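1. The sequence and its predicted three-dimensional model are supplied below.
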Amino acid sequence: QVQLVESGGGLVQAGGSLRLSCAASGRTFSSYAMGWFRQAPGKEREFVGAITWGHITYYADSVKGRFTISRDNAKNTVYLQMSSLKPEDTAVYYCAARSGSYLATLPNEYGYWGQGTQVTVSS
């Protein structure tokens, strides 16, 4: 069982930066692949990026070059560093966990979810 808690969301101007954190409970955090998703009002949940326990990352094209995912297995925490933010990045951001090392991109491939944190980018 893994419990996830996101933090770090807020209001930022376009072009600014924000770092989200996702703290995980459980002693087997390092064996999980972690993903970040986002959901804007009226839209489906969208894949942002993912990272394996071995720090291999994969990103959606819409955020590639602007967002960076990292993890600290000693602190049971995964991060999403967001730069050059755009108004279209406005959404609730969720972290998710799945057992194993596969970099899944679909929400139904993840078994554990956080409660989400709001990110709003003003123009």
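-> Happy to help now that I have it.
2. How about the contacts made by the spatially closest residue to residue 66 that is not a sequence neighbour?
-> In this structure, residue 66 finds its nearest non-sequential neighbour in residue 84, 4.7 Å apart by Cβ to Cβ, 6 or more residues apart in numbering. Yep, even glycine has a C-beta here, placed from its N, CA and C like the rest. Going by Cβ atoms under 8 Å, 6 or more residues apart in numbering, residue 84 touches 15, 17, 66.
3. The second one and residue 67, how far apart?
-> Put plainly, it is residue 17. Residue 17 sits 10 Å away from residue 67, taking Cβ to Cβ, to the nearest Å as the criterion.
4. got it, and residue 29?
-> Distance of residue 29 to residue 67, given as Cβ to Cβ: 21 Å.
5. Could you do residue 9 as well?
-> Residue 9 is 14 Å from residue 67, by Cβ to Cβ.
6. now swap in residue 23 and tell me
-> Using Cβ to Cβ, one gets 19 Å for the distance from residue 23 to residue 67.
7. neighbour-wise, which of these two wins?
-> residue 67 (21 against 16; other Cβ atoms under 10 Å).
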